[in-house]
Every structure is written in C-alpha cells, then in structure tokens.
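[1] just coords:
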C-alpha cells in the first residue's frame, strides 16, 4: 500500500459513505447465501438510509450490473468469497486503488462474518416476522418449500 492515506472506510460506524458501502457488501453476501432474513434486515436499514430501488437491484443483481467500479469490486469480492473462498487478483487490484491493506482485510472478515450469520439463520430455519414482509427477496430468489 506504500503508506498512502486512502479515504474510503469500510467500517460501518465511521462515516456515511462507509455505511453505504458496508451495507451493500454485507447485503450481497446475504443474497448469495439466500438468507432472506439477513437480506430483509439490511434492506430495511438501507431503505431508512435512502437507498433507492435501483440501489437495491444493484445489490441483488451483483457485480455483472454496470456501475461504480469501486462498488462493483466490493460486490465482486463478496461473490468471489462465496464462490471460491478467495478474492480474485483482479478484484484485489481494483479494491487496492481505494482501500488500504487493513480495509481490504476488513472486507474479507466482514463477508466471512455475515456469511456465518447467514448459515446459522438458514440452518435454524429463521422466518421473517410479519413486519418484515415488505423487505422480502424478490420471488425469483425465494426458496421453494
């Protein structure tokens, strides 16, 4: 990282931009794990923070949807970790343009933590509360009984 001072922060408590990117990253792993509860909780938070329908679609559709290169790299990191448990060299290279080494490690730890949470929620069969019905997965992502 050559000691440069990068301005992006992944830790959700640090600033508004960090919360925005963090929510997208964490919600993407929930989508990849098909954890409707994880998705619903973060969708509710994103909606309260002003996320639009286009923002939500971007996370659901993932890195194949055109968008901001940094956001695409975050979504790709979540997909990489889900699919092969490693962030690809191309994704690392893109992230390293905006994040320092600690922030890049935070991406991996965050995705891993939320993936574990999604696994627990899915394994325990946790269902959405009635007050979360507006935050469900789109029909094509819902598990079939």
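    Arrived safely, thanks for sending. All of these numbers come straight from a predicted model, not from anything done at the bench. Numbers count the residues shown, from 1 in each chain.

[2] mind listing what's buried along the helix or strand containing residue 116?
    Element membership for residue 116 (DSSP states H and E) is helix 101-124. Buried residues in helix 101-124, counted by 16 or more other C-beta atoms under 10 Å: 103-104, 106-108, 110-111, 114-115, 117-118, 121-122. C-betas here are computed from N, CA, C, even on glycine.

[3] check stretch 84-97 too.
    87, 88, 91, 92, 94, 95.

[4] chain center to the helix holding residue 116, what's the gap?
    9 Å (C-alpha atoms, centre = their mean, to the nearest Å).

[5] I'd like to know which elements it is packed against.
    helix 16-32, helix 36-48, helix 69-84, helix 89-95 (3 or more C-beta pairs under 8 Å, 6 or more residues apart in numbering; DSSP states H and E).

[6] what's the third one packed up against?
    In this case it means helix 69-84. Using 3+ C-beta pairs under 8 Å, 6+ apart, the elements in contact with helix 69-84 are helix 16-32, helix 53-61, helix 89-95, helix 101-124.

[7] distance check, residue 112 against residue 44.
    Separation of residue 112 from residue 44 (C-beta to C-beta, to the nearest Å): 23 Å.

[8] find the centremost residue of the chain, please.
    The centroid of the chain falls nearest to residue 25 when counting by C-alpha atoms, centre = their mean (2.0 Å).

[9] circling back to that earlier point, what is the orientation angle of the helix holding residue 116 with helix 16-32?
    40 degrees (axes from the mean of the first three to the mean of the last three C-alpha atoms, to 10 degrees).
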